[in-house]
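**Q** sequence first, then the predicted structure, then my questions.
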Amino acid sequence: MKSRYLRFLKKLLVFSLILGFLTGTVTYFLPKSYLTPALPFLFFFFIAVTLISYHFLLQSIEKKLIKFTNTYLLTTFIKLLLYIVVMIGYVFFNRSDAIPFMLWFFFLYLCYTIFEVVMVVGRPEKPSTNTNNSIQ
């Protein structure tokens, strides 16, 4: 389990560096009104949330398929609630920065969600040889 988590961490950090470089390049050409001072912190936020959710998914994948499915749905629900709380909280305290923040938040949400789904669903290896996990 640790080696899978470390491989995921490496891929996530490489993905985040590439995404950060591309975002930095794009923000260089955008007007100031499209930028939010919270953008660097959003990267750390999404990295942390992605790592934590993957940790729980990795723990559940070792067990029965139904446990993994339940954990996936629960982590997705909790992440969505957390994202809503962060967005509402930030917009409530920083109304002047609401639109750029929400646009960048949505962009990073899409990027990190696609990354996580590809990494979870795209795994070709089976975690265990337990026949109870397979769908027949």
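**A** Cool, the structure landed.

**Q** got a list of what F101 touches?
**A** Listed by C-beta atoms under 8 Å, 6 or more residues apart in numbering, the contact set of F101 reads T36, A38, M87, Y90, V91, N94. Every residue, glycine included, has its C-beta placed from N, CA and C.

**Q** report the buried members of these.
**A** T36, A38, M87, Y90 (16 or more other C-beta atoms under 10 Å).

**Q** my read: the last one touches P37, true?
**A** No. Assessed by C-beta atoms under 8 Å, Y90 is found out of contact with P37, at 10.8 Å.

**Q** between the two, what contacts are shared?
**A** Common neighbours of Y90 and P37 (C-beta under 8 Å, 6+ apart) are D97.

**Q** now L35: phi and psi?
**A** For L35, the backbone dihedrals are phi -110, psi 150 (criterion: degrees, to the nearest 10).

**Q** how much space separates S53 from T25?
**A** The gap separating S53 from T25 is 28 Å, by C-beta to C-beta, to the nearest Å.

**Q** higher neighbour count, these two?
**A** Summary of the neighbour comparison: S53 and T25, criterion other C-beta atoms under 10 Å, with S53 having more neighbours (21 against 9).

**Q** count the neighbours of the residue lying closest to that one once chain neighbours are set aside for me.
**A** Using C-beta to C-beta, 6 or more residues apart in numbering and skipping the chain neighbours, the partner closest in space to S53 is T75 (4.4 Å). Burial measure for T75: 19 neighbouring residues, criterion other C-beta under 10 Å.

**Q** which helix or strand contains T75?
**A** Following DSSP states H and E, the helix or strand that holds T75 is helix 65-93.

**Q** alpha carbons of the helix or strand following that helix, as PDB, please.
**A** Beyond helix 65-93 in the direction of the C-terminus, DSSP H and E gives the next helix or strand as helix 98-121. Listed in PDB are the C-alpha atoms of helix 98-121, where the atom choice follows Å, rounded to 0.1, in the frame of the first residue of the first chain:
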ATOM      1  CA  ALA A  98     -15.400  36.300  -5.600                       C
ATOM      2  CA  ILE A  99     -15.600  35.900  -9.400                       C
ATOM      3  CA  PRO A 100     -11.800  35.200 -10.100                       C
ATOM      4  CA  PHE A 101     -11.600  32.900  -7.100                       C
ATOM      5  CA  MET A 102     -14.600  30.900  -8.200                       C
ATOM      6  CA  LEU A 103     -13.300  30.600 -11.800                       C
ATOM      7  CA  TRP A 104      -9.900  29.400 -10.700                       C
ATOM      8  CA  PHE A 105     -11.400  27.100  -8.000                       C
ATOM      9  CA  PHE A 106     -13.600  25.500 -10.700                       C
ATOM     10  CA  PHE A 107     -10.700  25.100 -13.100                       C
ATOM     11  CA  LEU A 108      -8.500  23.500 -10.500                       C
ATOM     12  CA  TYR A 109     -11.400  21.300  -9.300                       C
ATOM     13  CA  LEU A 110     -11.900  20.000 -12.800                       C
ATOM     14  CA  CYS A 111      -8.200  19.300 -13.300                       C
ATOM     15  CA  TYR A 112      -7.700  17.500 -10.000                       C
ATOM     16  CA  THR A 113     -10.900  15.600 -10.200                       C
ATOM     17  CA  ILE A 114     -10.000  14.300 -13.700                       C
ATOM     18  CA  PHE A 115      -6.500  13.400 -12.400                       C
ATOM     19  CA  GLU A 116      -7.900  11.500  -9.500                       C
ATOM     20  CA  VAL A 117     -10.500   9.600 -11.500                       C
ATOM     21  CA  VAL A 118      -7.900   8.600 -14.100                       C
ATOM     22  CA  MET A 119      -5.500   7.400 -11.400                       C
ATOM     23  CA  VAL A 120      -8.200   5.400  -9.500                       C
ATOM     24  CA  VAL A 121     -10.000   4.000 -12.500                       C
END
